[in-house]
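[1] Next comes the sequence, and after it the predicted model I'd like to discuss.
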Amino acid sequence: MAVPTTELAATAPQPAPVSPGRRRRLRFAANPKAATGLVILGGFVLLAIIGPWIAPHDPSLRGTDLLQPPSAAHWFGTTHLGQDIFSQVLAGTRSVVVVGFVAGIVSTALSILVGVTSGYLSGAGGESLSALSNVFLVIPALPLIVIIASALPGTDNLTIALVIGLTSWAWGARVLRAQTLSLRRRDYVQAARATGESTWRIILFEIMPNLAAVIASGFISTVIFAVTSEITLAFIGVGDTSTWNWGTILFWAQSQQALAQGAWWWFVPAGLAIALLGTALSLVNFGIDELVSPRLRGNGGTTARTEDGHRVRMRVGFTPVLGSGRKDDPARRQRGSTAASVSERGADHARSRASRPAVRDDAVLEIRGLDVDYGLGDAAVHAVRDVHLTLRRGEVLGLAGESGSGKSTLAYGLTRLLPPPGVVAGGEVLYHPERGEPVDVLRMSPAQLRRFRWAETAIVFQGAMNSLNPVHKVSTQLMDVIKAHDPTSSRADRRDRARELLALVGIAEDRLDSYPHQLSGGMRQRVMIGMALALQPRVVIMDEPTTALDVVIQRQILRQLTELRERLGFSVLFITHDLSLLVEFSDRIAVMYGGRIVEQAASADLYRRALHPYSDGLLHSFPALRGPRRELTGIPGSPPDLRAMPTGCAFHPRCPRAFEPCAQRVPVLGMPRARQGEDRAGDDRAGNDRAGGDHAVACWLHPVQDTRF
Ligand SMILES: Nc1ncnc2c1ncn2[C@@H]1O[C@H](COP(=O)(O)OP(=O)(O)OP(=O)(O)O)[C@@H](O)[C@H]1O
């Protein structure tokens, strides 16, 4: 019999809390590659610092012991002039370390500055920075260094390092730009924008950590390039051959034919030092890769001993949704007062809202005549056309339609999160705040928009489980959202609130310090829902939030969402192509086709009597989990190509009931003549039209009279 993981969590020995600094040190110590590489590198840096003091001789001082093998007096032997090779290697270490690290730091700093900024910023600024790196890319670094070193014989290490740094950043910048261009479109970056984080915060905390491996390997590559350039130049005799570095030692050994004379000690120490430094740099590179990528680390699970003495590897902390939601669940009661505080605050909201009369125009978000295009002028694709939609307080409004019907575009358009080349071409999105006049979201200033997003309206994106940044812990990501809108809150307070949010969506608090890859898809989805509720928004927009999950988890999450909505009182715009799912979970449903709303009704009404042949086709495309069985017939044909829309009703080429006017004119959305009296009578009977009466359709089969939708 499977043991519930919560039980394992309860019986498992709890490790003592570990501070973040200590955890990093432990992780470092547990990474043998990074540790070995850094120890060797540290040794070289130490030798570079103390070399002149511990060197037994002046590296250029001639002696009487000519070409002697290693001995107690000369650990690495002597040159043909009696110079001490050990002292020369020590002197060379300083030169190599200074050139390598200064060049690496200068080059990496420039490549980050130019590459990341040009990748993140669109428009002229980004293009200019990209052009600058292209110009620098064609400057040949090595020949330039050769020219400078041979033209200026006294050129010191620092100048060579600066020349290498200033001429070698462009390639790194290009790589970072390409990576940033890809990262900026990732869900978690979009999510950070949606939460109102500033551009620089997004660059520093969302994008840069994901570039850490690329930056680290760029730094290491530049250090290796700088060191090998310096050694190569010295070895071929360019520059000042009296300045000691490992290349100079090899130059003199080569020019005096040390190999032919059997004086192996002349070139072996410098050769070994080069090989050792290269190995150390590579090990650090591998180690950093593992340290910054949580996926390359251990799976983070803990080992516990069960009561019968077996050791088990466990992924602790998943609390089943249904259990967590039940009011009599003792585990839930034990979760403490903080978890209750969010729900109680929300319940107060809900009560205050519920006490108001449920009037028909109790709107929280009103979309009026919204048009969204991709591109401009004749080439524009009209993805959303003249959409009118009202989200009322405390309701779940479903938005259904096949892929490409414009659902996501509508969601991105109304929150002003459209990626280029998307533009809102017309219309209004009126947000009705708790107090005061409605505000048009499309005309909000950037500061107003920042406050509106997440604090008033939160968004859970398509494939939400990928909206979590893979290199940050769940706690960090939840706390970041809170911090973005409440920068004065203390860290401890933010952590408490993050814990409450996890409890709210049924995830045990010991999951706070998990990385996204350590959670199941359903748990990640819940974290995103918790994140969406972090600031107690009045509207939550969910764009296919559960599509990637199996049907059982999908329904568990939606049931929990419905329960949270009842407790906290927010409104939901729920987008999916699965109409049967919406019938089950939403109060009202709007059906979209070819960028327009073609039908809008209370879910039960739509399920019983879909008026538009497209809605009817959608209902017959998905199996319903409840209610009478329907034959699954699907919809013949494919959605229209928005670049070449059919004339008249966009659905007419696929419509089994198309007739003469359908190809001529676009039908208007409105209440069909035959139904008006019927529905209003129904409203009166119910005494409440919130989820009832208004059934609107845009179809020539149902001529409309009232077009107020
Ligand atoms: N970047 C873009 N450039 C041009 N056209 C686009 C772009 N993004 C979307 N479109 C067009 O907009 C239409 C609507 O896309 P949208 O993603 O909003 O549909 P959807 O109903 O949300 O589909 P899905 O469920 O597959 O996400 C698509 O048919 C597509 O042709």
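    Cool, the structure landed.
[2] How many neighbouring residues does residue 366 have?
    18 (other CB atoms under 10 Å). From N, CA and C alone the C-beta is placed, and that goes for glycine too.
[3] same check, this time on the one 4 residues further on
    With neighbours defined by other CB under 10 Å, the count for residue 370 comes to 22.
[4] isn't it right up against residue 430?
    No - in terms of CB atoms under 8 Å, residue 370 does not count as a neighbour of residue 430; the distance is 10.8 Å.
[5] Can you work out which residues contact both of those two?
    Here residue 370 and residue 430 have no joint contacts, going by CB atoms under 8 Å, 6 or more residues apart in numbering.
[6] Tell me which residue lies nearest the centroid of the protein.
    residue 188 (2.6 Å; CA atoms, centre = their mean).
[7] Look up the closest residue to the residue in the stretch 601-709 of the chain that the ligand sits nearest to, ignoring the ones flanking it.
    Going by CB to the nearest ligand atom, the ligand is nearest to residue 642 of the stretch 601-709 of the chain, at 4.7 Å. Sequence neighbours aside, residue 381 is the residue nearest to residue 642 in space, at 4.7 Å (criterion: CB to CB, 6 or more residues apart in numbering).
[8] where along the stretch 301-450 of the chain do the helices fall?
    All helices of the stretch 301-450 of the chain, identified by DSSP state H, counting those that start in this stretch, fall at 321-325, 330-334, 337-354, 407-414, 446-452.
[9] what comes into contact with the fourth one?
    Taking contacts as CB under 8 Å, 6+ apart, the residues outside helix 407-414 that touch it are 365, 367, 370, 372, 374, 383-384, 387, 389, 399-401, 418-419, 422, 424, 429, 441, 459, 462, 541, 543-544, 573, 575, 577, 592, 595.
[10] now do 7 Å
    With contacts defined as CB atoms under 7 Å, 6 or more residues apart in numbering, helix 407-414 is touched by 367, 370, 372, 383-384, 387, 399, 401, 418, 422, 424, 429, 441, 462, 541, 543, 575, 592.
[11] filter those down to the ones near the ligand?
    383, 401, 462 (CB under 6 Å from any ligand atom).
[12] Neighbour count and pLDDT for those residues - can I get that in JSON lines?
    JSON lines is the format used below for these (neighbours: other CB atoms under 10 Å; pLDDT from 0 to 100):
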{"residue": "383", "neighbour count": "25", "pLDDT": "92"}
{"residue": "401", "neighbour count": "26", "pLDDT": "90"}
{"residue": "462", "neighbour count": "19", "pLDDT": "71"}
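[13] between these, which is closest to residue 581?
    Nearest to residue 581 among these, counting by CB to CB, is residue 401 at 13.0 Å.
[14] I'd say that closest one and residue 593 touch.
    Yes - Residue 401 lies in contact with residue 593 (CB atoms under 7 Å); the separation is 5.9 Å.
[15] before we move on, the earlier item: how many residues are close by the residue of the stretch 601-709 of the chain closest to the ligand?
    21.
[16] who touches it in this structure?
    By CB under 7 Å, 6+ apart, the neighbours of residue 642 are 381, 382, 383, 595.
[17] now do residue 217
    residue 285.
[18] Same question for residue 202.
    Shown in contact with residue 202 (CB under 7 Å, 6+ apart): 189, 192, 193.
[19] can you pick the most crowded of these?
    Neighbour max across the contacts of residue 202 (other CB under 10 Å) = residue 192, 24 neighbours.
[20] Can you give me the neighbour number for the closest residue to residue 601 other than its chain neighbours?
    Leaving aside its sequence neighbours, residue 601 sits nearest to residue 695 (CB to CB, 6+ apart; 4.0 Å). Neighbours of residue 695 under the rule other CB under 10 Å: 24.
[21] coming back round to it: okay, and the beta partners of the residue nearest to residue 642?
    Taking DSSP bridges as the rule, residue 381 bridges to residue 374.
[22] Wait, it touches residue 404, no?
    No - the criterion here is CB under 7 Å, and residue 381 misses it with residue 404 at 10.5 Å.
[23] anything in contact with each of these two?
    With CB under 7 Å, 6+ apart, residue 381 and residue 404 have no common neighbours.
[24] Which ones among the contacts of helix 407-414 lie within strands?
    Taking DSSP state E as the definition of strands, those contribute 367, 370, 372, 383-384, 387, 399, 422, 424, 429, 541, 543, 575, 592.
[25] Downstream of the helix or strand containing residue 119, the next helix or strand is which one?
    Element membership for residue 119 (DSSP states H and E) is helix 85-120. Counting by DSSP H and E, the next helix or strand C-terminal to helix 85-120 is helix 124-137.
[26] Need the CA coordinates for the very next helix or strand once past that next one. CSV is fine.
    Later in the chain than helix 124-137, the nearest helix or strand by DSSP H and E is helix 141-151. Below are the C-alpha coordinates for helix 141-151, written out as CSV (Å, rounded to 0.1, in the frame of the first residue of the first chain):
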residue,chain,number,x,y,z
ALA,A,141,42.9,40.6,-30.6
LEU,A,142,46.1,38.6,-31.0
PRO,A,143,47.7,40.5,-33.9
LEU,A,144,46.8,43.8,-32.0
ILE,A,145,48.6,42.5,-28.9
VAL,A,146,51.6,41.4,-31.1
ILE,A,147,51.8,44.9,-32.6
ILE,A,148,51.5,46.7,-29.2
ALA,A,149,54.0,44.4,-27.5
SER,A,150,56.6,44.7,-30.3
ALA,A,151,56.1,48.4,-30.7
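[27] near the ligand, which residues of this structure?
    Residues of the chain lying near the ligand (CB under 6 Å from any ligand atom): 374, 381, 383, 401, 403-409, 421, 462, 577, 642.
[28] A helix includes the residue nearest to the centre of the chain, no?
    Yes - counting by DSSP: H, G, I helix; E, B strand; the rest coil, residue 188 is found in a helix.
[29] pLDDT value on the residue lying closest to it once chain neighbours are set aside, please?
    Distance criterion CB to CB, 6+ apart; nearest residue to residue 188, sequence neighbours excluded, is residue 469 at 4.2 Å. Note on residue 469: pLDDT of 83.
[30] what about residue 469, distance to the ligand?
    Counting by CB to the nearest ligand atom, to the nearest Å, the separation of residue 469 from the ligand is 22 Å.
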